[in-house]
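Peer 1: Just a sequence and a predicted model for now, questions to come.
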Amino acid sequence: MKALIRDIYNTAHEFVRTFGAFQLFFLRLLRYSPRVLMRRPRLVVKQVYNAGALSLVIIMVCGFFVGGVLGLQAYANLARFNAEDSVGTVVALALIKELGPVITALLFAGRAGTALSSEIGLMKATDQLSAMEMMAVNPVRRVLVPRFLGGVIAMPFLVAIFTCIGLFGAHVVAIDLLSVDVGAFWQQMQLSVDIDDIHEGVIKSFVFGVVASLFAVWEGYNAVPTAEGVGRATTRTVVISAIAVLILDFMITAVML
């Protein structure tokens with residue numbers, strides 16, 4: 001019994017300690033972010049390219065086929081009620097409010113998040129971060145903050161591209177393959193989607209960008225400086241980011257409704 005209580009106490013103590021360290025880490029990133037944006041914008045632009053531009057292929061391919069599948073499913077179900085003209089509305093709302101931000105965040109965590117985590121973890125394993133500290137260079141400000149900001153800035157653009165390509169995929173499937181009227185497709189979409197729906201998608205994309213980038217740099221910076229430790233940090237980045245994105249998606253949706 002004593003051993004069980006001791007294990008529970010140690011687990012709770014470790015959780016509280018890690019959570020506190022995570023909060024302090026996040027505050028350090030926020031503290032240095034304005035200075036890095038003003039004094040070293042080239043570093044941020046480079047990381048926006050690494051996190052965003054290099055992820056465009058997987059984002060566009062997945063967006064097209066997700067939109068196509070949504071078009072097929074929406075048509076198959078709406079045809080039962082002779083409401084095929086509403087396919088565009090269903091696809092647009094699903095992509096803008098839910099699937100666009102969520103799937104993009106998951107793809108971002110799997111591609112860019114793992115790259116950030118493994119890169120930072122490798123820098124730690126090879127003592128590059130320690131060498132920066134020896135030269136009086138702050139590794140948080142020089143290495144972590146630009147990568148964090150790059151992910152945060154790139155995510156809304158990736159979500160917008162994913163959504164647009166998804167709408168194009170739904171257009172191809174519904175109009176070219178299923179012969180839905182093109183005027184009704186887009187008119188119903190324009191009448192049903194309002195600015196609040198777009199705001200919800202933008203808010204989610206920004207929040208998910210912060211979460212995915214934050215966990216990536218956190219896991220990389222705190223990785224055990226071994227090959228196995230870097231691999232575990234990369235795995236934890238994907239798992240924790242995916243769980244956090246889905247939980248936050250539910251919370252934001254509940255608040256927005």
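Peer 2: Good, I have the coordinates. Keep in mind that what you see is a predicted model, and the values were worked out from it rather than measured. Residues are numbered from 1 along each chain as shown.
Peer 1: what residue ranges in this protein score low on pLDDT?
Peer 2: Within the chain, the segments meeting pLDDT under 70 span 1.
Peer 1: What ranges does it have for its helices?
Peer 2: 2-39, 41-51, 56-78, 87-94, 100-108, 114-125, 128-134, 139, 145-171, 182-192, 195-221, 227-256 (DSSP state H).
Peer 1: okay, those in a markdown table with mean neighbour count next?
Peer 2: Every residue, glycine included, has its C-beta placed from N, CA and C. Converted to a markdown table, these look like this (neighbours: other CB atoms under 10 Å):
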| stretch | mean neighbour count |
| --- | --- |
| helix 2-39 | 12 |
| helix 41-51 | 17 |
| helix 56-78 | 19 |
| helix 87-94 | 24 |
| helix 100-108 | 25 |
| helix 114-125 | 22 |
| helix 128-134 | 14 |
| helix 139 | 18 |
| helix 145-171 | 24 |
| helix 182-192 | 15 |
| helix 195-221 | 21 |
| helix 227-256 | 16 |
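Peer 1: For stretch 218-238, give me every contacting residue.
Peer 2: With contact meaning CB atoms under 8 Å, 6 or more residues apart in numbering, stretch 218-238 is reached by 22, 25, 109-110, 113-114, 116-125, 127, 129, 140, 144, 215-216, 240.
Peer 1: how far away is the one residue sitting closest to the centre of the chain from residue 133?
Peer 2: Centroid-nearest residue in the chain, with CA atoms, centre = their mean: residue 105, separated by 2.6 Å. Distance, residue 105 to residue 133, using CB to CB, to the nearest Å: 32 Å.
Peer 1: Same question for residue 157.
Peer 2: For residue 157 relative to residue 133 (CB to CB), the value is 33 Å.
Peer 1: Residue 222 - how many residues pack around it?
Peer 2: 18 (other CB atoms under 10 Å).
Peer 1: what's the distance between it and residue 174?
Peer 2: 47 Å.
Peer 1: same question, residue 201
Peer 2: 21 Å.
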